[in-house]
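Undergrad: Coordinates only, no sequence provided:
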């Protein structure tokens, strides 16, 4: 059935001249070769990151979190640098741009405040993507993500991922400062 559907689509498609068809085939061939080259370079980079993870104990600490791979761990460590540069986790979050702008006027406080997009965009990217990965493997993060997802009707996934990333910052800070591996809390 699939083959018949493909044949039907090919027959009904717009036919190209021989010269144009050859040009399109050449361009598609070039793109295919570029994709192969990029995937090979990506494999080389992944192997280099894995070799680095053996040398740095901090990467092993972060990889103890379920869903945390060597790329996320190395990226976060590369952007944070020494954890002692930051006073506490709120400073790391602000540095990553995972802080929210206060909006107060007199005695009223605005409930919906946008998070600031200032800060290290690469660290923010790694934290949000790592949080999205961690929430799939860790039940604590999954419950938190789901709670935040269900609180609003719009932009649910994005909002929940950013808030989960903010929660992940606290965990990363504690683990790196105490030089300890992650131990999942007991689920009651």
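TA: Structure's in. What do you need? These numbers were taken from a predicted model, which means no experiment stands behind them.

Undergrad: The longest helix along the chain: which residues count as buried?
TA: Counting residues, the longest helix found in the chain (DSSP state H) is helix 18-55. Neighbour counts over helix 18-55 (16 or more other Cβ atoms under 10 Å) mark 49, 53 as buried. Yep, even glycine has a C-beta here, placed from its N, CA and C like the rest.

Undergrad: measure residue 45 to residue 121 for me?
TA: 20 Å (Cβ to Cβ, to the nearest Å).

Undergrad: just residue 71 next, same as before
TA: 17 Å.

Undergrad: So between the two, which is more surrounded?
TA: Ranked by neighbour count (other Cβ atoms under 10 Å), residue 71 and residue 121 place residue 71 first, with 16 against 12.

Undergrad: roughly how far apart are that one and residue 61?
TA: 15 Å.

Undergrad: Also residue 186?
TA: Taking Cβ to Cβ, one finds residue 186 at 21 Å from residue 61.

Undergrad: Which one's more surrounded, these two?
TA: More crowded of residue 186 and residue 61, by other Cβ under 10 Å: residue 61, with 20 against 5.

Undergrad: Can you tell me the element the more buried one falls in?
TA: Using DSSP states H and E, residue 61 sits in helix 57-63.

Undergrad: cool, residue 145 as well?
TA: With DSSP H and E as criterion, residue 145 is part of helix 139-151.

Undergrad: Tell me the helix or strand right after that helix.
TA: As the chain continues past helix 139-151, the following element, by DSSP H and E, is helix 156-178.

Undergrad: buried set for that following helix?
TA: Result for helix 156-178 [16+ other Cβ under 10 Å]: buried residues 160-169, 171-173, 175-176.

Undergrad: For it, the averaged confidence score.
TA: Averaging pLDDT along helix 156-178 gives 93.

Undergrad: I would like the residues contacting it, please.
TA: 58, 61-62, 64-65, 76, 80, 83, 86, 88-89, 92-93, 96, 98, 115, 124, 127-128, 130-132, 134-135, 141, 144-146, 148-150, 152, 181-182 (Cβ atoms under 8 Å, 6 or more residues apart in numbering).

Undergrad: what helix or strand does the residue most central in space within the chain sit in?
TA: Most central residue of the chain, judged by C-alpha distance to the mean C-alpha position with Cα atoms, centre = their mean, is residue 129 at 1.3 Å. Residue 129 is part of helix 121-137 when elements are defined by DSSP H and E.

Undergrad: repeat for residue 184
TA: Per DSSP H and E, there is no helix or strand for residue 184.
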